[in-house]
Each structure stands twice: as structure tokens, then as C-alpha cells.
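>>> How does the following fold in three dimensions:
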Amino acid sequence: MKSTIKIAAILLLFIFLKAESCSDQTGNALQETQINKVRGEIKSQFDTGFLSEASLHEHEKAAMQKLTDFADYLRILADSSLMQPYREKTGEMILHLFASGSAEVKIISGRNRKSQVFSVDQLIQCGLENELFLFGLVYDSIQINRNFARTGPDSYAALLSFIEYRDNSLHSASSEASIHRKIKALINRETRVFAADTLSVWVLRLGEME
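Coordinates of the predicted model:
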């Protein structure tokens, strides 16, 4: 949390200095020095070749929150009483949670409460077409099953476990009404444009369910 606040403060300072340099041309040399200093701090926070143990721990907490968000967004997506533009925006937010729209997810859908497999793209489409029955969807007992470990020069992977059930079920704790699932969490380094620079930043996304 502290590192996130620090990064936000650095970004705000960078934007402020850039605005000042555009509105007041006096002292440009000093401002350029300040901007370069801030730019260097931004690079030191974002453009790193590896993630520290503390940073990986923060990403694990963020991954668990993304999974909670996914369940929240799914309930909105499947709620036909809500306005369509709102549900479409929620579909975009779901897509942004995942590394790919082709990633496979498993979910209990339909009045027969059977587990089905969808790609993220298919899931969003079915939700918008009112083909998902997700009333009372809950993801519970979310935890890290396998910590983040490096899988390549620009990637890390972890595994989360959780329980899916419906809170409207009379037997939500029973094996018939709940399913234990696992889902991958992925961190990949991506190139982003920032002002006149490009930065390689670490981006957290959800992967496929197992």
C-alpha cells in the first residue's frame, strides 16, 4: 500500500511539473532537471527487471481482490434488471481482469446448477444475452495455493484456490452445492507509453481456471 501511494505521488508530481513547464518558460533548465529526476524515480518504481519478495506478496493480495471483483462483476453482468450499457461496461471490466479473452473459466450456471466451461469472451456474451443464471454467486475462502514464482524473464505465475457456491442455497456448505476451484494469476512485463517515454511495467491479470 505504501509503495502504491508513493508511486501515485510521483506521477502527480510529474504531471504538475510538465504542466508548469508548458505554462511558464522561465527557469526551463531547472524544471527540466526536476522532470528528469521524477522520470528517473518513476522508472525505478516501474521499469525493473525483477519483483522483490515484498512486491510479489502485494501482487498476491491484489490477485485475490481481482478474483473477488470477478464474482461481483459476474453478478452484475447476469442481472437482466440492470441497464444494458452498465452491464456492457461491466463486461469490459471483466475482460480487463484476464490475460486473454480466450482464457477458460468454469462456473456453475443454469437452474440445474451444473459446472460449465466458457472462454471469458463467451461468458461475457452469454451474460449480456441473459443466458447466465448466477443469482447469489459467491467466491469464498480465497487463498494462495502456490506463491508467485518466475516462469520466464518477463513473467511470474501463482495459483489461487477458492470455493464457489450460491448463498441462496439451503445447503451452501455441502459438497453438492459448492465446488472447490483453482485459478492462475499471472504477472507479465508489458511496454507502456508514458509521456515521451516508454516503460516496461509489471501487469497482473487472472489466467485460466483449473
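>>> What ranges in this protein fall below the confidence cut-off?
Low-confidence segments of the chain, defined by pLDDT under 70, span residues 1-48, 110-113, 168-177, 194-196.
>>> Show me the domain layout of it.
Using automatic domain parsing, the domain parsing of the chain gives 2-46, 53-209.
>>> what's the straight distance from one end of the longest one to the other?
I take that to be domain 53-209. Chord length of domain 53-209, first to last residue, is 25 Å (CA to CA, to the nearest Å).
>>> Which residues belonging to the helix ranked longest in the chain are considered buried?
Identified as the longest helix of the chain according to DSSP state H is helix 53-77. Neighbour counts over helix 53-77 (16 or more other CB atoms under 10 Å) mark 55-56, 58-60, 63-64, 66-67, 70-71, 73-77 as buried. In this view, the C-beta of every residue, glycine as well, is placed from N, C-alpha and C.
>>> again, but for stretch 117-136
By neighbour count on 16+ other CB under 10 Å, the buried set for stretch 117-136 is Phe118, Ser119, Val120, Asp121, Gln122, Leu123, Ile124, Cys126, Gly127, Leu128, Leu132, Leu134.
>>> which ones among those residues are found in helices?
Using DSSP H, these in helices are Val120, Asp121, Gln122, Leu123, Ile124, Cys126, Gly127, Leu128.
>>> Need the buried residues of stretch 117-136 in CSV (columns: distance to Tyr86).
Formatted as CSV, those follow (distance: CB to CB, whole Å):
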residue, distance to Tyr86
Phe118, 21
Ser119, 23
Val120, 19
Asp121, 19
Gln122, 21
Leu123, 17
Ile124, 14
Cys126, 17
Gly127, 12
Leu128, 11
Leu132, 16
Leu134, 16
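>>> Which single one of the residues you listed is nearest to Ile108?
Leu134 (8.1 Å; CB to CB).
>>> hmm, back to that, pull the residues that contact the longest helix of the chain.
1, 3-4, 51, 82, 86-87, 90-91, 93-94, 97, 107, 123-124, 127-128, 132, 134-135, 137-139, 142-144, 147-148, 156, 158, 160, 162, 183, 185, 187, 202, 204-206 (CB atoms under 8 Å, 6 or more residues apart in numbering).
>>> Contacts for stretch 132-147 next, please.
Identification of contacts with stretch 132-147 by CB under 8 Å, 6+ apart yields 56, 60, 63-64, 67-68, 70-71, 74-75, 77-78, 107-111, 123, 126-127, 158-169, 172, 182.
>>> for the residue lying closest to Ala103 once chain neighbours are set aside, what are its contacts?
Spatial nearest neighbour of Ala103, excluding adjacent residues (CB to CB, 6 or more residues apart in numbering): Glu208 at 4.8 Å. By CB under 8 Å, 6+ apart, Glu208 lies in contact with Ala103, Glu104, Val105, Ile183, Lys184.
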